[in-house]
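A.B. asks: predicted model, plus sequence, below.
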Amino acid sequence: MQTATKQLSAAPGAEDVTGFRVLGAISFAHFLNDMIQSLIVAIYPLLKGNFNLNFAQIGLITLTYQITASILQPVVGLYTDKHPKPYSLALGMGFTLVGLLLLSVAPNYGLVLLAAALVGTGSSIFHPESSRVARMASGGRHGLAQSIFQVGGNAGSSMGPLLAAWIIIPRGQASIAWFSVAAMLAIGILWQIGNWYKRKRQEAKARPAQASHSHVILARNKVLFSIAILMLLIFSKYFYMASLSSYFTFYLMSKFHLSVQDAQIHLFVFLFAVATGTVLGGPIGDKVGRKLVIWVSILGVAPFTLLLPYANLFWTGVLSVVIGLILASAFSAILVFAQELVPGKVGTISGLFFGFAFGMGGIGAAALGKLADMTDIYFVYQVCSFLPLLGLAAAFLPNLEKLPHKVS
């Protein structure tokens, strides 16, 4: 922790170095945060057996977690745009820690839902403010900064299935509490980031105002229409992602008769591909334009999702990696695109889009769980395979790089 403190306290003149150190720290905190949160999804087979749950009840766990985060994130972002709270990041992780400990001892389904809600609350505080920190430390390379931040979360999410397979599934629900160490480490790191955040705000107040930032000139109705298109694309991405993150293990176990541990490894491979794809989207968007990245990442994945329900085990593994790589590049580009549409509202936009993404993931998990109970898990993947075709809507987004800008 002393090393981390020294790193985050670098000399003010070393802007680039300090920026990357802070980005690395917030990305690692994101890794720990999403690793903890992914344990909820990763232990669904365990919870299903312990509490005799059906698919709809499993989907309700995801819905509870995601909707809690979805509703609160825009509120948190709007509030912190007006009243920045540098230490709210550590507070949010505190909610996650309490939820994690409750999940490890929950004796019934109701307390499992409460634990999921607490973790969702922690996420609602963490994501808008940490996205703001990433932009503050970007040095103008906003896509790269968001990708570095996002890859930590996706890498953490990919670890959940492995940790569940190696630790929680063999040892039972109580072993979830062991991961409280990761939450406490994250709280320490986020407190140091809060110190940096506070110093940056004080330095900004001490400097005379400079007209050094420019933003796109775009009519209000065009901005609102573009936001709606971006949300449609988020719906497409996260409804499809819900089918894989929540039910891929059940699909593999049912169709190919894999063990829980083997199915979790396949899920890890998919989530690792998602983490890798996230690294690419932001910096590519900085160079070639975010609209092109959004277009390719959503619509470009459609041929592979359409093939997935009919593939054997080998090709299912290959296709899941390709889907993860391509689809994951979208979110960083979408988020920065939206931030450029509405300048000066980083927290509000981050909260809105993170919240909507979480909400779509939660609603998708619940709806697809109900559909699986009514039909079967194979039919779910056949229906979801068409969702990326909504990527055609990206054609209606404006080309921000070609529009006039004004200095503010």
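C.D. replies: Sure thing, it's come through. Numbers count the residues shown, from 1 in each chain.
A.B. asks: which SSE is the residue nearest to V260 when sequence neighbours are not counted in?
C.D. replies: Spatially, and ignoring its direct neighbours in sequence, V260 is nearest to P45 (5.0 Å; CB to CB, 6 or more residues apart in numbering). To be clear about C-beta, it is placed using only N, CA and C from the backbone, and glycine gets the same treatment. Using DSSP states H and E, the element containing P45 is helix 44-51.
A.B. asks: low-confidence ranges in this structure?
C.D. replies: 1-18, 206-217, 281-282, 401-408 (pLDDT under 70).
A.B. asks: geometric centre of it: which residue is closest?
C.D. replies: Note on the chain: the residue nearest the mean C-alpha position is G153, at 6.2 Å, using CA atoms, centre = their mean.
A.B. asks: C-terminal to the strand or helix carrying it, what's the next element?
C.D. replies: Taking DSSP H and E as the criterion, G153 maps to helix 142-163. Downstream of helix 142-163, the first helix or strand assigned by DSSP H and E is helix 169-171.
A.B. asks: and that following helix, what's buried?
C.D. replies: For helix 169-171, burial by neighbour count (16 or more other CB atoms under 10 Å) applies to I169.
A.B. asks: where do the strands sit along this protein?
C.D. replies: 214-216, 405-407 (DSSP state E).
A.B. asks: on that earlier part again, now for the helix holding P45, which elements pack on it?
C.D. replies: helix 55-82, helix 109-136, helix 220-256 (3 or more CB pairs under 8 Å, 6 or more residues apart in numbering; DSSP states H and E).
A.B. asks: coming back round to it: and the residue nearest to V260, how many neighbours?
C.D. replies: Using other CB atoms under 10 Å, P45 has 19 neighbouring residues.
A.B. asks: what do you get for D34?
C.D. replies: Per other CB under 10 Å, the neighbour tally for D34 reads 25.
A.B. asks: surely it meets F149?
C.D. replies: No. With contacts counted by CB atoms under 8 Å, D34 stays clear of F149, the gap being 11.0 Å.
A.B. asks: how about the contacts made by the closest residue to S259 other than its chain neighbours?
C.D. replies: Excluding the flanking residues, the one nearest S259 by CB to CB, 6+ apart is M253, at 7.5 Å. Going by CB atoms under 8 Å, 6 or more residues apart in numbering, M253 touches P45, S259, V260, A263.
A.B. asks: reformat these as CSV; add distance to Y109.
C.D. replies: Listed next are those as CSV, based on distance: CB to CB, whole Å:
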residue, distance to Y109
P45, 15
S259, 25
V260, 20
A263, 23
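A.B. asks: L244: which of these is nearest?
C.D. replies: Using CB to CB, A263 is the member of those that lies nearest L244, at 11.9 Å.
A.B. asks: dump the residue contacts of the closest one.
C.D. replies: F248, T249, F250, L252, M253.
A.B. asks: those residues, buried ones only, as a ChimeraX selection?
C.D. replies: Buried residues within the contacts of A263, by 16+ other CB under 10 Å, are selected in ChimeraX with:
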select :248,249,250,252,253
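A.B. asks: from the contacts of A263, which is closest to L60?
C.D. replies: Looking across these and measuring by CB to CB, the closest to L60 is F250, at 15.4 Å.
A.B. asks: which non-adjacent residue is nearest that closest one?
C.D. replies: Here the residue nearest F250, using CB to CB, 6+ apart, is I377, at 5.7 Å.
A.B. asks: and the gap between that neighbour and L97?
C.D. replies: For I377, the distance to L97 equals 33 Å [CB to CB, to the nearest Å].
A.B. asks: I'd say the residue nearest to F250 and T249 touch.
C.D. replies: No. Look at I377 against T249 with CB under 8 Å: they stay out of range, at 10.3 Å.
A.B. asks: okay, helices next: where are they in the stretch 251-400 of the chain?
C.D. replies: Counting by DSSP state H, counting those that start in this stretch, the stretch 251-400 of the chain has helices at residues 260-288, 290-299, 302-307, 313-328, 330-341, 346-374, 377-384.
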